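*Asks:* turn this into a structure:
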Amino acid sequence: MIDKNRIGEAIEDHLKGHIALHKANVEVYMSNLIGIGDHSNIMETIEKELAEISKYEGMLAALRSCFIDK
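*Replies:* Numbering: from 1, shown residues only. As a prediction, this is how the structure comes out:
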């Protein structure tokens, strides 16, 4: 039998991992210009990372409100 709590926790951890990855990228871009090398348009690059954070935060909120918090 599938444990719904365990699956929910695994999905939550997976989404949190994506959020952490994209946050780390933004921190690197904002604090270490040497790390930008291939990114000539830093604002656009950071904007893309923020969009990814927003996407995964939205998915995490949906998971919590529809499945975990009930």
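
*Asks:* who's in contact with stretch 48-66?
*Replies:* For stretch 48-66, the surrounding residues in contact (Cβ atoms under 8 Å, 6 or more residues apart in numbering) are 8, 11-12, 15-16, 18-19, 22-23, 25-26, 29. The C-beta positions use only the backbone N, C-alpha and C, and glycine is treated the same way.

*Asks:* other SSEs contacting the helix or strand containing residue 27?
*Replies:* Using DSSP states H and E, residue 27 sits in helix 4-31. With contacts defined as 3 or more Cβ pairs under 8 Å, 6 or more residues apart in numbering; DSSP states H and E, helix 4-31 has these neighbours: helix 42-63.

*Asks:* quick one: average confidence on the helix it packs on?
*Replies:* For helix 42-63, mean pLDDT rounds to 95.

*Asks:* then it to PDB, C-alphas only?
*Replies:* What follows is helix 42-63, C-alpha atoms only, in PDB (Å, rounded to 0.1, in the frame of the first residue of the first chain):
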ATOM      1  CA  ILE A  42      22.500  39.500 -15.800                       C
ATOM      2  CA  MET A  43      19.100  41.000 -15.200                       C
ATOM      3  CA  GLU A  44      17.500  38.700 -17.600                       C
ATOM      4  CA  THR A  45      19.300  35.700 -16.100                       C
ATOM      5  CA  ILE A  46      18.200  36.600 -12.600                       C
ATOM      6  CA  GLU A  47      14.700  37.200 -13.800                       C
ATOM      7  CA  LYS A  48      14.600  33.600 -15.200                       C
ATOM      8  CA  GLU A  49      15.900  32.200 -11.900                       C
ATOM      9  CA  LEU A  50      13.200  34.200 -10.000                       C
ATOM     10  CA  ALA A  51      10.500  32.800 -12.400                       C
ATOM     11  CA  GLU A  52      11.700  29.300 -11.600                       C
ATOM     12  CA  ILE A  53      11.600  30.000  -7.800                       C
ATOM     13  CA  SER A  54       8.100  31.400  -8.300                       C
ATOM     14  CA  LYS A  55       7.000  28.300 -10.200                       C
ATOM     15  CA  TYR A  56       8.200  25.900  -7.600                       C
ATOM     16  CA  GLU A  57       6.900  28.000  -4.700                       C
ATOM     17  CA  GLY A  58       3.500  27.900  -6.400                       C
ATOM     18  CA  MET A  59       3.600  24.200  -6.800                       C
ATOM     19  CA  LEU A  60       4.600  23.800  -3.200                       C
ATOM     20  CA  ALA A  61       1.800  26.000  -2.000                       C
ATOM     21  CA  ALA A  62      -0.700  24.000  -4.200                       C
ATOM     22  CA  LEU A  63       0.600  20.800  -2.800                       C
END
